[in-house]
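S.K.: Quick one, fold the following:
(one chain, ligands or ions: 5)
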Amino acid sequence: MGHVYTFGIILGVLFLARQAISYISAARFKKRHGCKLARQIPQRETIIGYDFYRERVESSKNKTFLENTKKRHDTYGATWTASTMGRRFYSTIEPDNVKTVLATNFKEYGVGSRLKAFGPLLGEGIFTTDGAQWEHSRALVRPNFTRAQVADLDTFETHIQKLIGKIPTNGSTIDLQTLFFQLTLDSATEFLFGETVASLTSPEGSPQQQFGKMFDLAQVRIGARARLGNLVIFHRDPEFTAACKIVHNFVDGIINRALEKAEPVDMEKSIDGTGKKENYIFLTEMLKTTRDPKQLREELLNILLAGRDTTASLLSHTFHVLARRPDIWNKLKAEIDELGGEKPDYETLRNLKYLKWVLNESLRLFPVVPSNGRFAKKDTVLPRGGGANGESPLFIPKGGIVMYSVYVMHRREDIYGPDALEFRPERWAPEENLRPGWGYLPFNGGPRICVGQQFALTEASYTIVRILQEFAAIESRDSTAWVEGLSLTMSSGNGVKVSMIPK
Ligand code: HEM
Ligand SMILES: *[C@@H]1O[C@H](CO)[C@@H](O)[C@H](O)[C@H]1NC(C)=O
Ligand SMILES: *[C@@H]1O[C@H](CO)[C@@H](O)[C@H](O)[C@H]1NC(C)=O
Ligand SMILES: *[C@@H]1O[C@H](CO)[C@@H](O)[C@H](O)[C@H]1NC(C)=O
Ligand SMILES: CC(=O)N[C@H]1CO[C@H](CO)[C@@H](O)[C@@H]1O
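M.R.: Ligands and ions are numbered 1, 2, ... in the order given. I've put the predicted structure just below:
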């Protein structure tokens, strides 16, 4: 027994010594960088931080999560800290800090347990990985998002036609948000796989419909998984497992058919007899660099997840506003009417300046990725947030979570003016000289900036133009104010219930 006891003491001493060393080195680090303490929000206890965790869960349930975060920042300033389920958590809306995390000190942060939460559905791809693996994915995926590929508006028009066909012309109420989620699923699957799931038209119970449903279900469950952090490994969810399997089988079928076709066709050279370019298919392009079916499936699903809900939500928020603001509808309509009913091409879309301001403003007040975070991989420092006035550097310990709320940052009056809460597209006019820099961040910034920004803006702009060309007016059929609809991204909590008046 004696030496077991001695061994225990040695272990204990070693442990304490390690704690002391890391404490001393952290103290030195803090001093060297002039760090001061962040404001700690009042908590019953900060060892577990259960009260703060509870508050976040409760406010998610009653759809006030983002407004609740805003209240915290109104009370405790641009940067504060809390403890949640045993982890140190920093919340910031300071553009300098966000820039430091996403760009300047990019290498010191990671996306944390994202792979654990998303892994069973998405596997390892651009969205779920970190470090060298992420760099590899990014290099593989990124070249395929240049202008030529995102501007395939003829194919997109076929989906728009189906969407317009589903909007009643007899004045009855329709939830546009539901249609937008179907539209972007259809167009994203066509772009990625070369086969659309046609959710706007495919019959109930078809494999395509099943795929869409299971992909949605899996995403909802991922939200819950993500909140569990590392504890997710103990979480059992047979429905989620089954949904992932259905999604995988469906995509694997498409990939196997593509692999069976002999050699990939070269986009640039593939001009058929009629002189028409073949449609751009992401999968076909990927086949030039890899023929590994698992890697292909994982990269494609990563992009589908990142690109589908986001674009649908941007459209939903914009129409939520249009239904309530005839002044904005009319100005937009006047600009679009100048096209004389012609379908717009890529260049035309780029030149619709009021439409651009509307989208900028929609993404400002309703950023579809409203809050985000990164995990410190080592002891590090943020330029602001320390000390009573929050102007001193702030120490972030290894393992600390830095959350940034784009939703709250986009409402800062010192950046956007006293009318920051108002939807006013004109604030983006050049003569107003708005220069938000890192204070405007709908698509993220730094090395992990959204690769689909042009794709999304083109698709959203085209959809808006085509709908406004088909309908004379829009009426809201929902008297409630906007509330958040948070899953992995943010949509409108009560949908977008409207009636459209044909021209
Ligand atoms: C309005 C539409 C969209 C918005 C607001 C948006 C926003 C974002 C944001 C904020 C991120 C950063 C996420 C993070 O690092 O934690 C991101 C990443 C990403 N987005 Fe988008 N996105 C949109 C549409 C799209 C589309 C249409 C695609 C593809 C077709 C796409 C593909 C991606 C990919 C692949 C990433 C991961 C990039 C990486 O980690 O390197 N996005 N997006
Ligand atoms: C929603 O939940 C939060 C956090 O528990 C609470 O502070 C807030 O009062 C609730 N709001 C409503 C409208 O129930
Ligand atoms: C209006 O049209 C929709 C289909 O577009 C139909 O489902 C609905 O019953 C119609 N309502 C009336 C009042 O005619
Ligand atoms: C408007 O939004 C686009 C896309 O998010 C962005 O590139 C542009 O810089 C924004 N405009 C201004 C004036 O910041
Ligand atoms: C058209 C195009 O840009 N295709 C590229 C897609 O990405 C791979 C590399 O990952 C290139 O080989 C293709 O040329």
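
S.K.: correct me, but Glu391 touches Arg384?
M.R.: Yes: using Cβ atoms under 8 Å as the test, Glu391 is close enough to Arg384 to be in contact (6.2 Å). Using the backbone N, CA and C atoms, a C-beta is placed for each residue, glycine as well.

S.K.: Among those two, which residue is more densely surrounded?
M.R.: In this view Glu391 and Arg384 are compared by other Cβ atoms under 10 Å, and Arg384 has more residues nearby, 20 against 13.

S.K.: I'd say that one and Ile396 touch.
M.R.: No: between Arg384 and Ile396 there is no contact under Cβ under 8 Å: 11.9 Å.

S.K.: can you give me the offset of stretch 409-428 from its chain's centre?
M.R.: Stretch 409-428 sits 21 Å away from the centroid of its parent chain (Cα atoms, centre = their mean, to the nearest Å).

S.K.: Averaged pLDDT, it. What do you get?
M.R.: Across stretch 409-428, pLDDT averages out at 98.

S.K.: before we move on, what about stretch 323-338?
M.R.: Mean predicted lDDT for stretch 323-338 stands at 98.

S.K.: same deal with stretch 390-403?
M.R.: Here stretch 390-403 scores 95 as its mean pLDDT.

S.K.: Enumerate the residues of this structure near ligand 2.
M.R.: The interface of the chain toward ligand 2, taken as Cβ under 6 Å from any ligand atom, is made up of 55, 58-59, 62, 64, 68.

S.K.: give me that answer again for 5 Å
M.R.: Within reach of ligand 2 by Cβ under 5 Å from any ligand atom, the chain has these residues: 55, 58-59, 62, 64.

S.K.: and which of the residues you listed is nearest ligand 5?
M.R.: Proximity of these to ligand 5 (Cβ to the nearest ligand atom) peaks at Ser59, which lies at 41.7 Å.

S.K.: So which residues make contact with the helix or strand harbouring that closest one?
M.R.: Here Ser59 is covered by helix 50-61, with elements defined by DSSP states H and E. The list of residues contacting helix 50-61 from outside it, by Cβ atoms under 8 Å, 6 or more residues apart in numbering, reads 41, 43-45, 65, 67-68, 82-85, 89, 227, 486.

S.K.: Now tabulate the residues of the chain next to ligand 2 in a markdown table and tack on neighbour count.
M.R.: Shown next, in a markdown table, are those (neighbours: other Cβ atoms under 10 Å):
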| residue | neighbour count |
| --- | --- |
| Glu55 | 17 |
| Glu58 | 12 |
| Ser59 | 18 |
| Asn62 | 9 |
| Thr64 | 15 |
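
S.K.: tell me which of the residues you listed is nearest to Tyr404?
M.R.: Proximity of the residues of the chain next to ligand 2 to Tyr404 was ranked by Cβ to Cβ; the top entry is Ser59 with 17.6 Å.

S.K.: count of neighbours near His248?
M.R.: With other Cβ under 10 Å as criterion, His248 counts 18.

S.K.: One more: Ile281?
M.R.: As a burial measure, Ile281 scores 22 neighbours (other Cβ under 10 Å).

S.K.: got a list of what it touches?
M.R.: By Cβ under 8 Å, 6+ apart, the residues touching Ile281 are 191-194.

S.K.: in the protein, which segments are predicted with low confidence?
M.R.: Across the chain, residues meeting the criterion (pLDDT under 70) sit at 1-5, 7-8, 15, 147-151, 262-278.

S.K.: does Thr178 sit in a helix, a strand or a coil?
M.R.: Assigned by DSSP: H, G, I helix; E, B strand; the rest coil, the conformation of Thr178 is helix.

S.K.: I'd say it and Gly495 touch.
M.R.: Yes: in terms of Cβ under 8 Å, Thr178 counts as a neighbour of Gly495; the distance is 6.9 Å.

S.K.: so what's Val197 up against?
M.R.: Val197 is in contact with 185-186, 189, 208-209, 211-212, counting by Cβ under 8 Å, 6+ apart.

S.K.: before we move on, what about Arg257?
M.R.: Arg257 touches nothing, counting by Cβ under 8 Å, 6+ apart.

S.K.: if we can go back for a sec, columns distance to ligand 1 on top of the residues of the chain next to ligand 2, output as TSV?
M.R.: As requested, these are exported to TSV (distance: Cβ to the nearest ligand atom, whole Å):
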residue	distance to ligand 1
Glu55	23
Glu58	25
Ser59	21
Asn62	25
Thr64	22
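
S.K.: Buried residues, stretch 470-487. List them.
M.R.: Using 16 or more other Cβ atoms under 10 Å as the test for burial, stretch 470-487 gives 470-471, 473-474, 476-478, 482, 484-486.

S.K.: So which of the residues you listed sit within helices?
M.R.: In this view, those that belong to helices under DSSP state H are Glu470.

S.K.: and the gap between the residue nearest to the spatial centre of the chain and Ser313?
M.R.: The residue lying closest to the centre of the chain (Cα atoms, centre = their mean) is Val369, at 3.9 Å. Look at Val369 and Ser313: by Cβ to Cβ, to the nearest Å, they are 9 Å apart.

S.K.: Tyr416 too?
M.R.: With distances taken as Cβ to Cβ, Tyr416 is found 21 Å from Ser313.

S.K.: again with Pro42
M.R.: Per Cβ to Cβ, Pro42 is found 34 Å from Ser313.

S.K.: Could you do Glu413 as well?
M.R.: The spacing between Glu413 and Ser313, counted by Cβ to Cβ, is 25 Å.

S.K.: So the two - more neighbours on which side?
M.R.: Ranked by neighbour count (other Cβ under 10 Å), Glu413 and Ser313 place Ser313 first, with 27 against 10.

S.K.: For the stretch 51-200 of the chain, which segments are assigned as strands?
M.R.: Using DSSP state E, counting those that start in this stretch, the strands of the stretch 51-200 of the chain run over 79-84, 87-92, 109-110, 174-175.
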